[in-house]
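Peer 1: how would this look folded up:
(2 chains)
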Amino acid sequence: MTANIVNDAPLLGERPWSADHLRARRSILRDVWKNRFYYFLALPGLLYFLVFHYLPMFGIVVAFKDITPFSGLDGILHEPFVGFYHFERFFKSYYFTNVMTNTLVISGLKLLIGFPTPIILALLINEVRIIWFKRTFQTISYMPHFLSWVVIAGLVMSLLTTQGGLVNKLVVALGGQTHNFLGDPRYFRVILVLSHLWANIGWGTILYLAAMAGISPELYEAAMIDGANRFQQARHITLPGITFVIVILLIFAIGGLLNAGFEQILLLYSPPVYQVADIIDTYVYRSGLLGMQYSFATAVGLFKAILAMMLLLGANWVARRLGQTGIW
Amino acid sequence: MVKLSRGERIFEFFNYAFLILLAVIFILPLLNVLVNSFISEAEYARRGNFILIPEQPVLSAYQFLLGRGSVVVNAYFITLFRVSVGTALNLLFTASLAYVLARRDLPGRTLLTLFVFITMVFSGGLIPTFILVDTLGLIDSPWVLIIPGLINPWFMLIMRNFFMALPQELEEAAIVDGAGPATILFRIVLPLSLPSIATIGLFYAVAHWNAWFDAAIYLKDIHRMPVQVILRSILQQALMNDPEAFINIQVMPPTVAIQSAMVVISTVPILVVYPFLQKYFVKGALVGSIKG
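Peer 2: Numbering: from 1, shown residues only, chains lettered A, B, ... in the order given. Just a heads-up that it's a prediction; the model follows:
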């Protein structure tokens, strides 16, 4: 898509005063007039993006001033600039290494465990030949995807509560002691990864299963004639058949590495586990909306937005280099 | 039927066993809250949280939550408003823009697409957006749940791809027959893409039903909050003794039962509807992955 931008301005001839140019200009105006219905139709949507996406982009000036909730619009426009003061304050603070480490570690763990497991699960589902079993399992495994994180966090809390929760009952039955797992920094990231897995593993199989359904049955028939058993078929036909999907999804999972799961963490964490749970997004929320440090939080958010943009564009670039169409 | 080798039979057995175990793991937490929502104070005191079948199921938690003067009933109406009006407006705005950007011969189309695309890779972030919503006076307005998320750029691009996949000959034939752009849109394009639009609508609707964060930061008045926010407060053991939220009753059901019942109340509609709409969701997920 980006490559076409250049082609969109074919009217800038070498001699802008030429008769050709004037004729071309008149014809594009005629084209625009002819399409007035469509521009009119697009107007509300474009206006929405202008107000709710572009205005906040200009709002990042807040990061370079000293704005409080009481500054108002006037303050945002007229307060003096303070340069990169808030960025420096963030980079020098304890929180910088803490939230960066937590973001990357939590995100990395989710990738390490949450990325390969749906592939394995899809391979296992693909081996099921009883149709009703397969369908029922898929319906059940997609279901958590439709629950809100508030609900999932509620389920997690209910399982882990020290007041008779299932997990603690098991621990006690096995001779252990009741333990507040959610408030323990040693267990918190495990809980994040497992609840993420529970919520997403089933839905994550959809693209792989679709790619598997697209593999030609003739390949399997030929393999069977050659005496390949089902493990060999899975290894040499099914897996290569979905490699393309795996690569693309992996690239974009890496592109989203800075999104470690804002709502999930916000709903599950508590002060005792901040040291292992606080990510960039939760820190922005706490320092900005709860701590009222508008400028500082905007600076931290801007730092993340720029890194995230580079990661995403880089991922798209890699995907294109590999001969895929990329997301855009 | 192909004859299975010994190794394959062993694999089959473990594969089915593993998948059944996994299915149990998916269902168990939900079953847990369902059962806990019917538990009575006496039984809870005696047997604790996790009980497979309560001896004497009681409805007191539901009576408490859905009773007269309860904030939950009110929240339900707000969520219904958000889902219905929100999704309708989402579709209206998304489809109009997508339809225009799907026109291959529209002058400036690439620039307009770029205008949307930029918002997908960069955003001003939480605080500037909050300041904007605050400045526009949307705090505590029911519209704050709808307007700031009017168009999801991903869904818009997916819908644009739907429109671009329609055969162009249809439109050309209509033009020959003297149809104007509005006639083409309402008589040809929209009827033909109704299934695709409905699929996107389902995704918008689920997102509205489940949305929590925006409501949590933009709404201060308890009587304007949707179900997810109320659920969150109850899970945090707040609100239960708030006379503004619930009319006092003499015997309070156990906290666990109230919390579990609230999870059930906010989840059941989705779980009831979802299996019937599953294939549309799956279709949507697949279409969304096809690059435009």
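
Peer 1: need the longest helix for chain A.
Peer 2: Longest among the helix segments of chain A by residue count, using DSSP state H, is helix A:294-321.

Peer 1: dump the residue contacts of the nearest residue to A:Gly255 once chain neighbours are set aside.
Peer 2: Once flanking residues are discounted, A:Gly255 sits nearest to A:Ala315: 3.0 Å by CB to CB, 6 or more residues apart in numbering or on different chains. In this view, the C-beta of every residue, glycine as well, is placed from N, C-alpha and C. Neighbour list for A:Ala315: A:Ile251, A:Phe252, A:Ile254, A:Gly255 [criterion: CB atoms under 8 Å, 6 or more residues apart in numbering or on different chains].

Peer 1: any idea how far A:Ala315 is from A:Lys304?
Peer 2: 16 Å (CB to CB, to the nearest Å).

Peer 1: OK, now which residue of the stretch 201-328 of chain A is nearest to chain B?
Peer 2: Residue nearest to chain B within the stretch 201-328 of chain A: A:Gly301 (3.3 Å; CB to the nearest CB).

Peer 1: Quick check, pLDDT for the residue nearest to that residue when sequence neighbours are not counted.
Peer 2: Leaving aside its sequence neighbours, A:Gly301 sits nearest to B:Gly125 (CB to CB, 6+ apart; 3.3 Å). In this model, B:Gly125 is scored at 93, pLDDT.

Peer 1: correct me, but A:Trp203 touches A:His145?
Peer 2: Yes - counting by CB atoms under 8 Å, A:His145 is a contact partner of A:Trp203 at 3.9 Å.

Peer 1: who's in contact with residue 234?
Peer 2: No chain in the question, so chain A it is. Residues near A:Ala234 by CB under 8 Å, 6+ apart: A:Leu123, A:Asn126, A:Glu127.

Peer 1: Can you look at chain B instead?
Peer 2: B:Met240, B:Ile258, B:Gln259, B:Met262.

Peer 1: Which members of these are positioned in helices?
Peer 2: Of the contacts of B:Ile234, the ones assigned to helices by DSSP H are B:Ile258, B:Gln259, B:Met262.

Peer 1: Most neighbours out of those, which is it?
Peer 2: Within those, most neighbours by other CB atoms under 10 Å in any protein chain shown means B:Met262, with 28 neighbours.

Peer 1: Show me which residues of the stretch 151-292 of chain B are close to chain A?
Peer 2: With CB under 8 Å from any CB of the partner chain as the criterion, the stretch 151-292 of chain B comes near chain A at residues B:151, B:153, B:156, B:180-182, B:185, B:206, B:209-213, B:217, B:228, B:231-232, B:235, B:256, B:259-260, B:263, B:266-267, B:270-271, B:274-275, B:278, B:281-282, B:285-286, B:289, B:291-292.

Peer 1: Let me see the domain layout of chain A.
Peer 2: Domain assignment of chain A by automatic domain parsing yields the ranges A:2-78, A:94-321.

Peer 1: for the ones you listed, which one sits closest to B:Asn90?
Peer 2: Nearest to B:Asn90, of all the domains of chain A, is domain A:2-78, at 10.7 Å by CB to CB.

Peer 1: In contact with residue 258: list those residues for me.
Peer 2: Since you didn't name a chain, this refers to chain A. Contacts of A:Leu258 (CB under 8 Å, 6+ apart): A:Thr103, A:Ser107, A:Ile280, A:Lys304, A:Leu307, A:Ala308, A:Leu311.

Peer 1: actually it's chain B I care about, not the one you picked
Peer 2: B:Ala61, B:Phe64, B:Leu65, B:Ile234, B:Met240, B:Met252.

Peer 1: Pull the most distant pair out of those.
Peer 2: B:Ile234 and B:Met252 (12.6 Å).

Peer 1: Find the residues that touch each one of those two.
Peer 2: Between them, B:Ile234 and B:Met252 share these contacting residues under CB under 8 Å, 6+ apart: B:Met240, B:Ile258.

Peer 1: What ranges does chain B have for its helices?
Peer 2: Taking DSSP H to define them, one finds helices in chain B at B:6-36, B:41-47, B:60-66, B:71-101, B:109-121, B:126-135, B:153-165, B:168-176, B:181-183, B:190-210, B:213-218, B:227-235, B:255-289.

Peer 1: May I see the buried residues of the longest one?
Peer 2: For helix B:255-289, a neighbour-count test (16 or more other CB atoms under 10 Å in any protein chain shown) marks B:255-267, B:270, B:274, B:277-278, B:280-285, B:287-289 as buried.

Peer 1: tell me the centre residue of the chain?
Peer 2: By default, I'm working from chain A. A:Gly256 (4.7 Å; CA atoms, centre = their mean).

Peer 1: Hmm, no, I was thinking of chain B.
Peer 2: Closest residue to the average C-alpha location of chain B: B:Val206 at 1.8 Å, with CA atoms, centre = their mean.

Peer 1: residues in contact with A:Met57?
Peer 2: A:Met57 sits next to B:Phe122, B:Ser123, B:Gly124, B:Pro128 when contact means CB under 8 Å, 6+ apart.

Peer 1: at 6 Å what do you get?
Peer 2: Counting by CB atoms under 6 Å, 6 or more residues apart in numbering or on different chains, A:Met57 touches B:Gly124.

Peer 1: Check the one 10 residues further on too.
Peer 2: The contact partners of A:Ile67, by CB under 6 Å, 6+ apart, come to A:Gly75, A:Ile76, A:Tyr294, A:Ser295.

Peer 1: Leaving out the residues flanking it, which one is nearest to the third one?
Peer 2: Using CB to CB, 6+ apart and skipping the chain neighbours, the partner closest in space to A:Tyr294 is A:Ile67 (4.6 Å).

Peer 1: what's the neighbour count on the residue lying closest to B:Arg68 once chain neighbours are set aside?
Peer 2: Nearest residue to B:Arg68 in three dimensions, chain neighbours excluded: B:Ile247, at 6.1 Å (CB to CB, 6+ apart). Using other CB under 10 Å, B:Ile247 is surrounded by 10 other residues.

Peer 1: same deal with B:Leu59?
Peer 2: Using other CB under 10 Å, B:Leu59 has 14 neighbouring residues.

Peer 1: And the closest residue to it other than its chain neighbours, its phi and psi?
Peer 2: Nearest residue to B:Leu59, sequence neighbours excluded (CB to CB, 6+ apart): B:Phe38, at 7.1 Å. In terms of degrees, to the nearest 10, the main-chain angles of B:Phe38 are phi -100, psi 10.

Peer 1: Quick check, B:Phe38 in contact with B:Pro57.
Peer 2: Yes - using CB atoms under 6 Å, B:Phe38 is in contact with B:Pro57, at 3.7 Å.

Peer 1: more neighbours, those two?
Peer 2: Shown here are B:Phe38 and B:Pro57; by other CB under 10 Å, B:Phe38 has more neighbours (22 against 12).

Peer 1: buried set for the helix or strand harbouring A:Val171?
Peer 2: Assigned by DSSP states H and E, A:Val171 belongs to helix A:166-173. Neighbour-count burial for helix A:166-173, counted by 16+ other CB under 10 Å, picks out A:Leu166, A:Val167, A:Asn168.

Peer 1: Quick check: which helices or strands does it pack against?
Peer 2: helix A:149-160 (3 or more CB pairs under 6 Å, 6 or more residues apart in numbering or on different chains; DSSP states H and E).
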